[in-house]
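with the input below, show me the fold.
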Amino acid sequence: MAGRVQRAQQPAAAKAAWQALDALLTAEGRIDERQYLANHRQRFLGARPGQVPRVAGIMDEFTTASFQPECVYLPIMPNRALRQLEAFKPDLVFIESAWHGNDEAWSRMISTVSDAVRDVLAWCRDNGVPSVFWNKEDPVHFAGLL
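Have a look, this model is predicted:
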């Protein structure tokens with residue numbers, strides 16, 4: 001029985017499900033096409049099995065240590081982030097609610113949503129690269145980081 005279910009799910013898991021979701025979301029105007037392409041269709045339909053993801057990010061020490069064995073990781077720096085992103089061509093940009101991120105380079109720049117963070121996010125949108133914000137803070141700091 002499980003084999004039949006898996007075989008039945010495969011076509012939907014490929015393009016059909018994303019095409020249906022695309023039609024629904026864009027028709028209802030919930031998100032625009034560029035945002036959808038950056039965060040869903042391009043990421044999942046364009047991924048190749050076995051490809052090691054290229055991740056650029058702003059993370060604390062612990063998260064960096066956790067990510068490094070799983071991907072090709074580039075810690076981006078505020079004074080050269082856009083040049084780094086252009087050269088590295090990441091599959092994903094991961095921004096953590098880190099108070100000091102990347103060896104103090106982003107100290108207090110995430111919680112205040114600095115121009116450097118805004119520039120990174122704009123680059124992601126303009127280049128169709130998905131961006132992830134991981135808020136790991138307690139509720140006291142939640143509003144300040146979103």
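
in stretch 111-122, what's buried?
Applying a neighbour-count criterion of 16 or more other Cβ atoms under 10 Å, one finds 111, 116, 117, 120, 121 buried in stretch 111-122. In short, each C-beta sits where N, CA and C put it, glycine included.

mind listing the helices for this structure?
Taking DSSP state H as the criterion, the chain contains helices spanning 2-11, 17-28, 33-36, 42-45, 61-67, 81-88, 115-127, 139-145.

measure residue 108 to residue 53 for me?
According to Cβ to Cβ, to the nearest Å, residue 108 and residue 53 sit 29 Å apart.

more crowded one of those two?
Remark: of residue 108 and residue 53, residue 53 carries more neighbours, 14 against 11, as counted by other Cβ atoms under 10 Å.

how close does the more buried one sit to residue 130?
Here residue 53 is placed at a distance of 10 Å from residue 130 (Cβ to Cβ).

joint contacts of the two?
When contacts are counted by Cβ atoms under 8 Å, 6 or more residues apart in numbering, residue 53 and residue 130 are jointly contacted by 91, 92.

excluding chain neighbours, what is closest to residue 100?
On the basis of Cβ to Cβ, 6 or more residues apart in numbering, the spatially nearest residue to residue 100 that is not a chain neighbour turns out to be residue 107, at 4.8 Å.

my guess is the one you found contacts residue 98. True?
No: under the criterion of Cβ atoms under 8 Å, residue 107 makes no contact with residue 98, lying 9.2 Å away.

which neighbours do those two share?
Common neighbours of residue 107 and residue 98 (Cβ under 8 Å, 6+ apart) do not exist.

more neighbours: which of these two?
With other Cβ under 10 Å as the criterion, residue 107 and residue 98 differ in neighbour count, and residue 98 comes out ahead with 24 against 14.
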